[in-house]
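Enquirer: sequence-free structure coming up:
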């Protein structure tokens, strides 16, 4: 779509909407409304993303040839591509109660918000680079690092049991394992979880 020539863009969304601000430089956005929500700023507009349903997610998994199974209220992704990876880096939303058990990485780097009931038990990294918050029931038990560079808070219920490091750039300036506040003789993973449980990173 040519934004420069269009003065309206309709996006179907479910309630409640999830909002994110995007900037487009060099275009006159003063007359652009999306679902009748205008930012009032000619250089930015608000986009409303619809919540993805489980059925929609299943169709995406099928198109990507990712294997899955249903276990009660959980949708379990069991296998990724030929390398064992699950790449969903074009998805801004996902349904709740998803478990990843594929052998490789899980790339959710465009996800705006993480719904409740997520479990990461995959063998590789987990990329959630754009998230600014986490639900308290998320579980990290993956085989390598977790990328949470944009995270601005951590609820005290969250516990990291992954086998790699945790990138908390917005909170401490990088990986927790490299943080200068680590104490000699104390495992950095245990220290991180202790600090989280005490509400150090809670807003």
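Expert: Alright, I've got the coordinates. Remember, it's a predicted structure, so these values are computed and weren't measured experimentally.
Enquirer: Flag the shaky bits of this structure, pLDDT-wise.
Expert: For the chain, the stretches with pLDDT under 70 are 1-50.
Enquirer: All the helices of it, in order from the start?
Expert: Ranges of helices within the chain are 54-63, 169-172, 188-197, based on DSSP state H.
Enquirer: for residue 52, what are its contacts?
Expert: Listed by C-beta atoms under 8 Å, 6 or more residues apart in numbering, the contact set of residue 52 reads 91, 93, 94, 95. (Each C-beta comes from the backbone N, C-alpha and C, glycine too.)
Enquirer: now it, nearest residue through space, not along the chain?
Expert: Taking C-beta to C-beta, 6 or more residues apart in numbering, and ignoring the residues beside it in sequence, residue 52 has residue 93 as its nearest neighbour in space, at 4.8 Å.
Enquirer: The helices of the chain into JSON lines, with extra columns for mean neighbour count?
Expert: Formatted as JSON lines, these follow (neighbours: other C-beta atoms under 10 Å):
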{"stretch": "helix 54-63", "mean neighbour count": "13"}
{"stretch": "helix 169-172", "mean neighbour count": "16"}
{"stretch": "helix 188-197", "mean neighbour count": "16"}
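Enquirer: Same list, those helices, but as TSV with distance to residue 112 please.
Expert: Output for those, formatted as TSV (distance: least, C-beta to C-beta, whole Å):
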stretch	distance to residue 112
helix 54-63	15
helix 169-172	15
helix 188-197	22
